[in-house]
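A.B. asks: okay, predicted coordinates and the sequence, questions at the end:
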Amino acid sequence: MRVVYVSTLEAGGPVTHLRQLAPRVAGEGVDVRVVCASEALADGFRALDVAAEAVRIGHKLDARGAVSLWRRLGEADVVHTQDRRAGLFGRLGGRLHRAHVVHTLHGMPEEIAARVGRPEAPDPPGVSRARLAWLEHGYLPIEAGLTRLGHVVAPSRAMADFMVGHGFPSGRVHVIPLGIEGAEEARARDHGVLVAGVASNLEYWKGVDTLIDAAAAMRSPVRLEVFGRGSLAGELERQARDAGVDARFHGFVPGASERLRDLDVLVQPSRADNFPLAVLEAMAAGLPVVATRVGGIPELVVDGQTGLLVEPESPSALAEALESLAASRDRRLELGRRGRERARQEFSTVRMARRTVALYGDLCASSM
C-alpha cells in the first residue's frame, strides 16, 4: 500500500502532526511519501527516513501548483491531505488518479470554532453577520461536499459530531485522536510561586485575557509564562501590566514543549479549541492541566483525575482551580502522573498510526 501525504503549510499544528504521523505509518510497513510546501520541510521529513518532495501551491487558484501536485499522485493507493488548500487540490487529484482520498480536518475557522461541542457559544466580537452566514451556508456545505470525494478524519468526537450535524456524511467521518511521543518528565521544582504557563496563538479565541484576569484575582502568588505570538500580544501585555500580574511573554519559541517542563501547571483557557497539542505535550511530560470545557478538551483531560476543567470565560472559576493547585504540590504531582499515564496509554503516536493504517486498509479493501 502506497500513501502520499499532502501539506501546503510551512508551519503550524498540521505540519507538527504530519511529522509525527508519517514516520510512524512508515514504521507499520506502509510505503509513505510526503509532498510538502518547501525543500526545507522536505529535508526535515527525509531526516525522519520519509521520502519527501516540495511542491509549492501559493493560493486556492494556483492552477500550476495544482497540476504539479497531481503529477505526483499517480501511483498512490491513498492520498491523505492535511490542510484546506491540500484538501481542495489533493482530494481532486487523488480521485483523478482513482486513489482513495482522506482529509484530516484539524479545526474549524476561528469565527465558528467555539460552536464545536458548545452550540450555545456566543459569536466572537467584531465578526460580521455576512461572514458568519458564509461560513455556515457556504464553507461548511462545501467541506461536506468535498468529503463525498472520500473520507475525513476528525481528531475529536466533538468535532466529528459538529461536522455530522452540519451535513457531513456520517459514514465518511472517522475519529482518530492526535498522538504524542513520550517526553521527559517535568522537573518537580519548588518555585515559591505557582508557575502557570500557556502555549498558544495570542488571539481572542484562545482566552489568554481570561487567564490574566484569573491571575489578578488569585490570593496565592502566581507567575504566568506565555509562549506564542498573535495580534493581541501587545494588548495582553498591557492588560497584565495594568493588573499587576507577573506575566512573561516569550513570543514564538522553537521547541516550546521543552520549556513546558519547567512549569507547575499548563493552562488552556480557550473559548474554542479542538484537540490542542499543547495539552497533549503537557500530559506527556507529567504536568497537570487546567483547561476550559470546550471542543475536544474534555476528551483529553479527565476532570479531577488528570487535570481540572472549568467553564470558558470565567476568571473566577479559573482562579479557583489554580488556587487549589497552588495549595497542594502533592495534588499537582498526582494529577500530572495520571495525565502522563493517560497520554502513554491513549494518545501515543503508535496508537494513532495504527488506527490510521487500519482506516487505509479498510478503504483499500472496499470499492469506495
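C.D. replies: That came through, no problem.

A.B. asks: now do the contacts for residue 360.
C.D. replies: If you count contacts by Cβ atoms under 8 Å, 6 or more residues apart in numbering, residue 360 has them with 1, 3, 30, 77, 78, 100, 102. Where C-beta positions appear, they are placed from N, C-alpha and C, glycine not excepted.

A.B. asks: just checking, it is part of a helix?
C.D. replies: Yes. Under DSSP: H, G, I helix; E, B strand; the rest coil, residue 360 sits within a helix.

A.B. asks: distance check, it against residue 76.
C.D. replies: 11 Å (Cβ to Cβ, to the nearest Å).

A.B. asks: go on, residue 132?
C.D. replies: 37 Å.

A.B. asks: okay, the two: which has more neighbours?
C.D. replies: residue 76 (25 against 15; other Cβ atoms under 10 Å).

A.B. asks: I'd assumed residue 94 was in contact with that one.
C.D. replies: Yes. The pair residue 76 / residue 94 is scored as a contact, 6.6 Å apart, by Cβ atoms under 8 Å.

A.B. asks: quick one: the strands in the protein?
C.D. replies: Assigned by DSSP state E, the chain shows strands spanning 2-6, 31-36, 51-54, 78-81, 100-104, 151-154, 173-175, 194-199, 222-227, 246-249, 265-268, 289-292, 307-310.

A.B. asks: enumerate every residue touching residue 128.
C.D. replies: Residues counted as contacts of residue 128 (Cβ under 8 Å, 6+ apart): none.

A.B. asks: any idea how far it is from residue 271?
C.D. replies: From residue 128 to residue 271 the distance is 19 Å (Cβ to Cβ).

A.B. asks: repeat for residue 330
C.D. replies: For residue 330 relative to residue 271 (Cβ to Cβ), the value is 32 Å.

A.B. asks: if you count what's nearby, which of those two comes out ahead?
C.D. replies: Higher neighbour count among residue 330 and residue 271: residue 271, with 23 against 7, using other Cβ under 10 Å.

A.B. asks: let me have the contacts of residue 360 in a markdown table, extended by distance to residue 115, neighbour count and pLDDT.
C.D. replies: Formatted as a markdown table, the contacts of residue 360 follow (distance: Cβ to Cβ, whole Å; neighbours: other Cβ atoms under 10 Å; pLDDT from 0 to 100):
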| residue | distance to residue 115 | neighbour count | pLDDT |
| --- | --- | --- | --- |
| 1 | 36 | 17 | 94 |
| 3 | 32 | 24 | 97 |
| 30 | 35 | 19 | 97 |
| 77 | 35 | 18 | 95 |
| 78 | 31 | 26 | 97 |
| 100 | 30 | 23 | 96 |
| 102 | 24 | 27 | 97 |
